[in-house]
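A.B. asks: sequence plus predicted model, see below.
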Amino acid sequence: MSGPRRRRVTVLGLGAMGRALASALLAAGHPTTVWNRTPGRSAALAEAGAEVAGSVAEAVAAGELLVVCLLDDDVTRRVLDRAAPVLAGRTVVNLTNGTPERARRLAEWLTERGARHVGGGIMAVPSMIGQPGSLVLYSGARDAFLDWRDTLAAFGEARWLGTDPGRAAVHDLALLAAMYGMFGGFLHATAMIRAAGVPAGEFAPMVTGWLTAMLGALPAMAAAVDSDTHDADGSSLRMQAASFGNLLAACRDLGVDAGLVRPVRDLLDEAVARGHGEEGLSVLVGLLHTGGTHRPAPG
């Protein structure tokens, strides 16, 4: 007995991530058409069974599901505009890194042309796609996500975040912010330790242990943000602002640029000046929000 029919998928964009996505679809047995703005990246995929489209319109017409992974939002819009007449009836899963507001505008534009939109955020590097630990976030048209969830599972865990088309993008960027904050802290710490004559490889295990221990504080900090109750637990902002000066002084003595960490001291000083000196670090979240397009978390 034959299995269920595999519907055709098109992948637009064959950078490192796009090629990984197309390879995962092929490995899962999905008929896959690929297209890239510049030729030369499709040879291996063609050998693996992909159909190579000669134009973006041809590629879009070939697939019921369009997986888009291009350079940025502007390129995505220009590429899809070239295929606007054949978008109707298709589902567009946009995995291009972009902003929440642009995701919402793209969703509106696609809806006007008879297509369904699902925004995505890939929380993995290309080599992880289709492997354990790969996570892709999705939001937008719920019926479209449910319709294609089994196909999207070829990339890794498919986690649904809600119907707001921009929610996957904001989660993606917020998680990247956390990652860059961690990496930035490690790079600054390593610059300090290297300036003191200690090899980075000797220092790295100590950093790993310390950061792992500190991760345990995050759930309580998140609860404090949601409840707006910012207990200091013995480490008030006033004390931390005062001791932060030692970190900056050590940087000067070591000849290390403090540009990565100085904004933290500035934020601590601002919080103390606003009367939050006896509260904990979680209160800083409120100071960081300066306006813009704000969508409160559901209460």
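C.D. replies: Yep, that arrived.

A.B. asks: return the backbone torsion pair for Val9.
C.D. replies: Phi and psi for Val9, reported as degrees, to the nearest 10, are phi -120, psi 140.

A.B. asks: after the helix of greatest length in the chain comes which helix or strand?
C.D. replies: The single longest helix within the chain, with elements called by DSSP state H, is helix 167-195. Next helix or strand after helix 167-195 toward the C-terminus (DSSP states H and E): helix 200-215.

A.B. asks: show me the contact partners of that next one.
C.D. replies: Contacts to helix 200-215, defined as C-beta atoms under 8 Å, 6 or more residues apart in numbering, come from residues 182, 186, 189-190, 193-194. For every residue, glycine as well, the C-beta is placed using N, CA and C.

A.B. asks: do stretch 6-22 as well
C.D. replies: Under C-beta under 8 Å, 6+ apart, the answer for stretch 6-22 is 25, 29-37, 41-42, 44-45, 50, 53, 56, 59-60, 62-71, 79, 95-96, 122, 126-127, 129-130, 151, 155.

A.B. asks: sitting in helices, which of the residues you listed do you find?
C.D. replies: Judged by DSSP H, the contacts of stretch 6-22 include 25, 44-45, 56, 59-60, 62, 79, 151 as members of helices.

A.B. asks: the residue nearest to the spatial centre of the chain and Ala107, how far apart?
C.D. replies: For the chain, Asp172 is the residue whose C-alpha lies nearest the centre (C-alpha atoms, centre = their mean; 2.5 Å). From Asp172 across to Ala107, the span is 16 Å (C-beta to C-beta, to the nearest Å).

A.B. asks: now Val75
C.D. replies: Counting by C-beta to C-beta, the gap from Val75 to Ala107 is 17 Å.

A.B. asks: the more surrounded of those two?
C.D. replies: Applying other C-beta atoms under 10 Å to Val75 and Ala107 shows that Ala107 carries more neighbours, namely 24 against 15.

A.B. asks: give me the domain ranges for the protein.
C.D. replies: Domain ranges of the chain: 9-163, 171-288, per automatic domain parsing.

A.B. asks: need the winner for burial among those domains.
C.D. replies: Using mean count of other C-beta atoms under 10 Å, the stretch among the domains of the chain with the largest mean neighbour count is domain 9-163, at a mean of 19.

A.B. asks: end to end, how far does that domain reach?
C.D. replies: End-to-end distance for domain 9-163, by C-alpha to C-alpha, to the nearest Å: 23 Å.

A.B. asks: for stretch 223-238, same thing?
C.D. replies: End-to-end distance of stretch 223-238: 21 Å, with C-alpha to C-alpha as the criterion.

A.B. asks: from now on call the first residue 42
C.D. replies: Right, with 42 as the first residue, what we last looked at is stretch 264-279.
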